[in-house]
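Novice: please find the sequence and the predicted model below.
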Amino acid sequence: MFKSFLLFPLVLFSGLISICSASPTLTPEELKAFYKEAYAHTVENMQSTKADYSQYFAKDFVMHMDGQTLNFDDYVQFMLDIRKGVDNVKIEFKDMIAENDGVATVHTTRITKNNGERITLNVISFFKVRNRQFTSGHELTRLE
């Protein structure tokens with residue numbers, strides 16, 4: 001009886017450690033699907049708002065993009081400001097690799113501006129995901 005009494009707190013403590021340290025990990029296919037969903041609901045959606053971005057990007061999100069580093073608020077404002085002169089954005093994924101908590105893509109972003117001008121960007125990106133939110137991103141873009 002005495003031994004089992006001492007083991008109970010140890011078992012309980014071990015269980016709490018397991019519960020607290022467990023983080024819901026997405027499979028590679030789930031990470032890819034999450035990335036595509038997030039971009040469809042934010043970047044491609046011309047009516048998306050800061051609240052929409054909050055669903056997919058963590059408050060401590062940091063974006064490293066073409067020599068700039070932006071926090072969550074700056075990144076969202078940047079994306080919303082760009083949208084003012086844009087009618088349409090379409091993303092075509094060429095390659096996508098997911099592993100652990102990261103997703104890497106090579107994709108083409110096709111933009112139609114309000115004046116009808118069309119822009120094509122080739123993008124290489126790498127994002128980290130935690131709890132179904134992007135925590136950091138790195139993007140290099142090249143105007144085609």
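Specialist: Cool, the structure landed.

Novice: please report the distance of the most centrally placed residue in the chain from Gly116.
Specialist: Within the chain, one residue has its C-alpha closest to the average C-alpha position: by C-alpha atoms, centre = their mean, that is Phe134, at 3.2 Å. Here Phe134 is placed at a distance of 32 Å from Gly116 (C-beta to C-beta, to the nearest Å). C-beta: built from backbone N, CA, C; applies to glycine.

Novice: hang on, the earlier thing: which residues does the residue nearest to the centre of the chain form beta bridges with?
Specialist: Note on Phe134: beta-bridge partners by DSSP bridges are Phe57, Val129.

Novice: what sits against it?
Specialist: Taking C-beta atoms under 8 Å, 6 or more residues apart in numbering as the criterion, Phe134 is in contact with Ala38, Tyr56, Phe57, Ala58, Phe61, Phe127, Lys128.

Novice: mind redoing it with 6 Å?
Specialist: Phe57, Phe61, Phe127 (C-beta atoms under 6 Å, 6 or more residues apart in numbering).

Novice: what's the pLDDT at the second one?
Specialist: In the predicted model, Phe61 carries a pLDDT score of 98.

Novice: ok, the last one next?
Specialist: The score at Phe127 is 98. That number is its pLDDT.

Novice: again, but for Phe5
Specialist: Here, the pLDDT recorded for Phe5 equals 45.
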